[in-house]
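**Q** show me how the following folds:
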Amino acid sequence: MSATRRSHHRVQDARDDVKNAEPERGKGVTLTVLAPMAIEARAARAGLQAGARADKAVHHVGMGPRSAKRLAAITAHRKQFGPIVVAGFGGGLHPDLRCGDIVLASELRGPQGIVACADPTIFAGMLERHGLPVRVGPVVSSRLPVIGRKRTRLAASGALVADMESAWLAAAPSGDDLLVLRVVLDLPSHANHDRASALAGARRAYRNLREACALLDEWAAAFGPREVLLAAPRASCAGVARAVEIVERALEARGRPVYVRKQIVHNAHVVAGLERRGAVFVEEVDEVPRGATAVFSAHGVSPAVRAAAAERGLDVIDATCPLVAKVHAEARRFAEAGFDIVLVGHEGHEEVEGTVGEAPTHTHVVANLDEAAAVRVRDPQRVAYLTQTTLAVDETAEVVEALRERFPNLSGPASSDICYATQNRQDAVRALAGDCDCIFVVGSENSSNSRRLVEVAQRAGCPAMLISDANQIPPEVLAGRARLGVTAGASAPETLVQGVIRALSGVGAVTVTERVVAREEVRFKLPPQVASAEV
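**A** Got it, this is the predicted structure:
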């Protein structure tokens, strides 16, 4: 039988398999895996056998654009029942890739132009958590094998991997529902490799394709249409925006490096972005070269840190949030009046350390009711309380009330220390909690205000989890949940929230609704050292 006829029969067999595997409407999600080569189909089946559901289907569809074109109509019909995955090997283009690396397509490039793919972020996160090497980026499809100068040219375009099928499969209606998974089998440098090295690379590629396919059922179980309720306000507050802008302006005006004591705000993505621009983050000012520019973080510092910076002759720019600076001023005022200060907050948090440093001999830190009941003061008639600005409003109120019962003459700040942004974000989460199956809070693990948002949702009776970005979304949390809440801590940028929405669209149609509980128009002035600098 000719190669053309074999390809035709293979496509017809795949067509029949797909139709026979269709579930009754409403009976769940069917995963369809299309593998061009027989060895790729074997790897996919071997992976899926470990924990696959009964409706799984791996189809050996044949190589090349002709086979892919004939199957395109089938995939368009099939998508109404569940996700379609193109799984197989590819030729690596990017110089940083190695055999066995998994590439998930962000887009497909072919003779017919560029076709968008389903956002692969959630599956990429699964692969990373299982220790598999994964990259997300463009995949290019060619009618002929990509070799020599053509491979060099495609690599220069930013494409990561080349194949011979994906772009034609995705050209069908709803092509952006495809997940394209390609494992690097060979690289341009392999022309000089010995046979043993080539075989080792091929074994690694086969193993990683098999292990990646073993996760597909769990990922597919998350598929389905869902509504996303966005909390508003959410994400970066005025103090965070000010602190980040201070570092950006300092870099623009003074050049790199600019040194920052501690994380400027508690968000790993923000810190990494500023590092790429030339900021250098240090733990203490003694790590900063004498006379260099140093920025104090939004959480504030103690007078001892300021003195150490002055001793080193540092050019200091203070990015302390004005609301934190207010608490520092209150601590000084109460201490000068002879009060013991009970600071409600978390020991070791940078904001708490800075506030304690303003009046170290007068300040006692308590985090909960038990500690409030045990705190010892010199004069029960002269006690004041202050609070960390990023606490949960309801829990803090309970601790303050317990202190008031112990010390009836308890003094406090003229207005709440908990910042407006913290309170607004907590109110927004409460407004969502009753209507959501689960709430995702975007923020870093060391962000106090982000962790408090999780606790607020949970106390309101709604499951909630903290994620640093979209690739931390576990598909098992999505399965069966049709209405999700999304918010972000005051130190997380809005771009991360939008990334979560895009990632969720990769596992089903998403409708987004915003719930607004307050409008924020606050903007804090920049310090004079950077007020006139252009960003």
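
**Q** output stretch 515-523 in PDB, but only the C-alpha positions, please.
**A** The C-alpha trace of stretch 515-523 is given here as PDB (Å, rounded to 0.1, in the frame of the first residue of the first chain):
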ATOM      1  CA  ARG A 515     -18.100  43.300  41.800                       C
ATOM      2  CA  VAL A 516     -17.200  46.900  43.000                       C
ATOM      3  CA  VAL A 517     -17.500  47.700  46.700                       C
ATOM      4  CA  ALA A 518     -15.400  50.900  46.700                       C
ATOM      5  CA  ARG A 519     -13.600  53.300  44.400                       C
ATOM      6  CA  GLU A 520     -10.000  54.200  45.100                       C
ATOM      7  CA  GLU A 521      -8.500  57.400  43.900                       C
ATOM      8  CA  VAL A 522      -5.800  57.900  46.400                       C
ATOM      9  CA  ARG A 523      -2.300  58.900  45.200                       C
END
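
**Q** give me the mean pLDDT for it.
**A** In this model, stretch 515-523 has a mean pLDDT of 94.

**Q** pull out the buried positions in it.
**A** Buried residues in stretch 515-523, counted by 16 or more other CB atoms under 10 Å: R515, V517. Every C-beta, even on glycine, is put in place using the N, C-alpha and C of the backbone.

**Q** now it, how far from the centre of its chain.
**A** 24 Å (CA atoms, centre = their mean, to the nearest Å).

**Q** low-confidence stretches in the protein?
**A** Along the chain, the model assigns pLDDT under 70 to residues 1-29, 50-56, 68-81, 171-176, 189-194, 533-535.

**Q** can you list the domains in it?
**A** The chain breaks down by automatic domain parsing into domains covering 3-220, 226-235+420-516, 238-320, 323-406.

**Q** out of the ones you listed, which comes closest to Q529?
**A** Q529 sits nearest to domain 238-320 of all the domains of the chain, at 4.9 Å, using CB to CB.

**Q** how far away from the center of its chain is that closest one?
**A** Offset of domain 238-320 from its chain centre (CA atoms, centre = their mean): 24 Å.

**Q** please apply the same query to stretch 454-474.
**A** 13 Å.

**Q** can you give me the buried ones in it?
**A** The neighbour-count check on stretch 454-474 (16+ other CB under 10 Å) flags 454-457, 460, 462, 464, 466-473 as buried.

**Q** quick one on the thing from earlier: go through the domains of the chain and name the closest to V530.
**A** That would be domain 238-320 among the domains of the chain, by CB to CB, at 3.9 Å.

**Q** is it true that L410 touches R382?
**A** No. Judged on CB atoms under 8 Å, L410 makes no contact with R382 at a distance of 9.8 Å.

**Q** for these two, work out which one has more neighbours and name it.
**A** Taking neighbours as other CB atoms under 10 Å, L410 and R382 compare with L410 leading, 19 against 16.

**Q** find the nearest non-adjacent residue to the more buried one, please.
**A** Distance criterion CB to CB, 6 or more residues apart in numbering; nearest residue to L410, sequence neighbours excluded, is R404 at 4.8 Å.

**Q** neighbours of the one you found, just the number please.
**A** Here the number of neighbours of R404 (other CB under 10 Å) works out to 15.

**Q** and it, helix, strand or coil?
**A** Under DSSP: H, G, I helix; E, B strand; the rest coil, the three-state class of R404 is helix.

**Q** when you give positions from now on, start the count at 56
**A** I'll keep to 56 as the first residue from here, and by that count the last item is R459.

**Q** my read: it touches E453, true?
**A** No. When contacts are counted by CB under 8 Å, R459 is not listed as touching E453 (10.8 Å).

**Q** rewinding a little: narrow the buried residues of stretch 509-529 to those in helices?
**A** V509, E510, V511, A512 (DSSP state H).

**Q** ok, the last one - contacts?
**A** Think A512. The contact partners of A512, taken as CB atoms under 8 Å, 6 or more residues apart in numbering, are V484, R485, L487, A488, I494, V496, P518, A519, G540.

**Q** for the residue positioned nearest the centre of the chain, which non-adjacent residue is spatially closest?
**A** With distances taken as CA atoms, centre = their mean, D524 lies nearest the centre of the chain, 0.8 Å away. Closest residue in space to D524, ignoring its immediate chain neighbours: L551 at 5.5 Å, by CB to CB, 6+ apart.
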